[in-house]
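> got a predicted model here, sequence first, then my questions.
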Amino acid sequence: MASGSVIDPIHQFQIIDIVQLGAPGGVHISFTNSAAFMFGIVAVVFFFLTYATRGRTLVPGRLQSLAELSYEFVASTVRGSAGNEGMKFFPLVFSLFIFVLTANFVGMIPYAFTVTSHLIVTAALALVVILTVIIYGFVRHGTHFLHLFVPSGVPAFLLPFMVVIELISFLSRPISLSLRLFANMLAGHIAMKVFAGFIVMMTASGAVGWFGAVLPLSMVVALTALEFLVAALQAYVFAVLTCIYLNDALHPGH
Amino acid sequence: MEAEAAKFLGAGLATLGMGLAAIGVGTIFGNFLSGALRNPSAADGQFARAFIGAALAEGLGIFSLVVALVLLFVV
């Protein structure tokens, strides 16, 4: 898209093959930079949590309180939106929250790859959530789970329309859950790179441009702060919505 | 009109939906803030709910961004 300009804001999202693993059945499989960053994120989270909780002291140190704070934060979110019963899904919600949060923050490091800015990654995460809801709902409640689509206290002539609307709203959940995270990260990072590109373009035009470049530079600083907020916020929103959808599987029927 | 030009016009028009979603998000947080200033002690408990509402309103705006992206890159 960036025809005519030297700076390509889409370039940061390029997936590069690191190791090609062959193509069985014509499907090209390779270890990409996206996969490498995902392994890195999991390793960072794993070593942080193991290292922080190794002492298990009664009065926590700095690292241990950070680990305990993140545990308590997610636990209170789960209890608040899915009830005490929802705590059986705590490992899922905690893993999703920490993975998305770390992925978003790692993406803020210059030259790093933002895993969550790819729709396929966020779609996979959203599908895990929705399939958990559907499978657990049917296993636990059987056909009673379908009461989710039949709101009580609705006049009989309105009921068919309500069922259709509830179905559409349920089916759009994985789409909106994945698109929200993906689009927020994509749009934020593109905006940052576009303004960073303005700095380069202005400084290239001589001494006057050097003073003019202060404007896009301050914009980039502000956008970076905003992106850190968005990174944390979207991870939180992803976790909260996961809890709410799991709540439907635990307590179907309005 | 050329098909290429119509594509860009359509993508630009689709982004208008994001502005409308911004109105929705602004309404939610504005009302949350005015409610929170009236009863600050109850504000913390409703914090998550405000964000859920904002996330749902924002999601609909993001659908229009996707329409724009599809028009630009896929169609």
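Arrived safely, thanks for sending. Residues are numbered from 1 along each chain as shown, chains lettered A, B, ... in the order given.
> in chain B, which spans are helices?
Per DSSP state H, chain B carries helices over the ranges B:3-14, B:16-38, B:40-43, B:47-69.
> buried ones in the second one?
In this case it means helix B:16-38. By neighbour count on 16 or more other Cβ atoms under 10 Å in any protein chain shown, the buried set for helix B:16-38 is B:17-18, B:21, B:24-25, B:28-29, B:32, B:36. Every residue, glycine included, has its C-beta placed from N, CA and C.
> looking at these, which one is closest to A:T102?
Lowest distance from A:T102 to the buried residues of helix B:16-38 (Cβ to Cβ) belongs to B:V25, with 25.8 Å.
> which ones are touching that closest one?
Each residue near B:V25 by Cβ atoms under 8 Å, 6 or more residues apart in numbering or on different chains is listed here: B:54, B:57-58, B:61.
> give me the number of neighbouring residues for residue 42.
In the absence of a named chain, chain A is used. Residues lying near A:V42 (other Cβ atoms under 10 Å in any protein chain shown) number 15.
> meant chain B actually
B:A42: 10 neighbours (other Cβ under 10 Å).
> contacting residues around it?
B:35-36.
> what does the model give it for pLDDT?
As predicted, B:A42 sits at a pLDDT of 87.
> A:S3 now?
At A:S3, the pLDDT recorded in the model is 43.
> wait, which of the helices of chain B is closest to A:M162?
Smallest distance to A:M162 across the helices of chain B (Cβ to Cβ): 18.3 Å, for helix B:47-69.
> hmm, who's touching the closest one?
Contacts for helix B:47-69 (Cβ under 8 Å, 6+ apart): A:77, A:80-81, A:176, A:179-180, A:183-184, A:187, A:233, A:236-237, A:240-241, A:244, B:10-12, B:14-18, B:20-22, B:24-25, B:28-29, B:32.
> same deal with stretch A:95-114?
A:12-13, A:33-34, A:37-38, A:40-42, A:44-45, A:70, A:74, A:115-117, A:121, A:125, A:128-129, A:181, A:185, A:189, A:224, A:227-228, A:230-232, A:234-236, A:238-239, A:242.
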